[in-house]
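Asker: My questions are about this predicted structure, shown below with the sequence.
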Amino acid sequence: MASGPNYRRNYSKSGEGKYDSTPKRKKARAARNKARSLLMKEGKVKKGDGKDVNHKKPLSKGGSKARSNLNVQTASKNRSYARTKKGAIK
């Protein structure tokens with residue numbers, strides 16, 4: 001693979017980056033952005049604070065976009081797998 005200061009990767013040639021531009025992914029991203037915007041207006045999160053807006057019941061599992069389904073968690077907790085007391089993945 002080529003590299004250097006002037007190298008620009010051609011994503012259209014490799015086929016990468018197409019997944020994120022599908023209508024389904026755009027809709028999901030818009031829902032996540034809307035949820036974060038809502039909590040930013042409430043003062044619960046700020047840009048660059050290291051916190052994630054969590055859907056208590058994930059949208060992918062039929063959760064709603066309502067405020068009652070949202071809470072704030074640290075990024076490390078929200079993006080991690082459930083673990084046992086010893087640290088192993090459940």
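Answerer: Yes, it's here.

Asker: Just to be sure, S80 is in a helix?
Answerer: No. Per DSSP: H, G, I helix; E, B strand; the rest coil, S80 lies outside any helix segment and is coil.

Asker: how many neighbours does it have?
Answerer: The number of residues packed near S80 is 11, by other CB atoms under 10 Å. Backbone N, C-alpha and C define where each C-beta goes, glycine included.

Asker: do G4 as well
Answerer: There are 6 residues near G4, going by other CB under 10 Å.

Asker: Need the nearest residue in space to the residue nearest the centre of the chain, chain neighbours excluded.
Answerer: Nearest to the geometric centre of the chain sits R32, at 6.9 Å (CA atoms, centre = their mean). Residue nearest to R32 in three dimensions, not counting chain neighbours: V53, with 7.3 Å by CB to CB, 6 or more residues apart in numbering.

Asker: what's the distance between the one you found and A66?
Answerer: 13 Å (CB to CB, to the nearest Å).

Asker: So the two - more neighbours on which side?
Answerer: V53 (20 against 10).

Asker: Go through the strand or helix carrying A30 and flag the buried ones.
Answerer: Assigned by DSSP states H and E, A30 belongs to helix 23-41. By neighbour count on 16 or more other CB atoms under 10 Å, the buried set for helix 23-41 is 35-36, 38-39.
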